[in-house]
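Participant: Just a sequence and a predicted model for now, questions to come.
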Amino acid sequence: MTLQTPSILGPTEGEHWHFLNGLMSIKADGAQTDGAMTALVFEGRRGFGPPLHSHDIEEELFHVLEGEIRFTTGDISEVVGEGGTVFLPKQRPHQFQVLSPTAKMFQVTTPAQFGDFVRKLGTPAESATVPEPTEVDGARVAEICAQFQIQVLGPPPPPLD
């Protein structure tokens, strides 16, 4: 174990990545936390949602900062608004979908590897802005997920409109 270096970031600071038509702003990663966790802020537009998936080794915690997001895991499906928090244990199939025009949430995954996953699947963003939606290559997503012990179990949620 090494001593970690503290960091303090402002609201728009961090490492910004366009990721599956959303914006991921990495606030702390494995290098900073000695592998303990990844912390980031996600922003997305209405309808955004990852495919049904599970993480073999990571626990996830989400805290909704703005908007409404539906989280689904097993037979639980709940709409979570501003101030709501969701914990998803490893190996638990889940997905979420943005219901409001836009949404923002703080996410922590432990142990750290999610930052590297975002970097591998995403593209660097010059500014902290949500990208315009483009076609997502599902086969590439599944391939990179497998490299990070993330199992793609089904499609993304259906369109809302």
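Facilitator: The structure has been received and is ready for your questions. Residues are numbered from 1 along each chain as shown.

Participant: so what's the one residue sitting closest to the centre of the chain up against?
Facilitator: Nearest residue to the geometric centre of the chain (Cα atoms, centre = their mean): F42, 5.9 Å. Counting by Cβ atoms under 8 Å, 6 or more residues apart in numbering, F42 makes contact with 22-25, 104-105, 107. Placement of C-beta: from N, CA and C, glycine included.

Participant: Outside of the worst-scoring helix or strand of the chain on mean pLDDT itself, list whatever touches it.
Facilitator: Here the helix or strand of the chain ranked lowest by mean pLDDT, DSSP states H and E is helix 30-33, holding a mean of 92. Identification of contacts with helix 30-33 by Cβ under 8 Å, 6+ apart yields 4-5, 7, 36-38, 111-113, 115-116.

Participant: What strands flank the helix or strand where the residue nearest to the centre of the chain lies, and is each parallel or antiparallel?
Facilitator: In this assignment (DSSP states H and E), F42 forms part of strand 38-45. Here strand 38-45 has these sheet partners by DSSP bridges: strand 22-28 (antiparallel), strand 102-110 (antiparallel).

Participant: Now tabulate those in JSON lines and tack on distance to E143.
Facilitator: Converted to JSON lines, the strands paired with strand 38-45 look like this (distance: least, Cβ to Cβ, whole Å):
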{"stretch": "strand 22-28", "distance to E143": "19"}
{"stretch": "strand 102-110", "distance to E143": "20"}
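
Participant: To V64, which of those lies closest?
Facilitator: V64 lies closest to strand 102-110 among those, at 4.8 Å (Cβ to Cβ).
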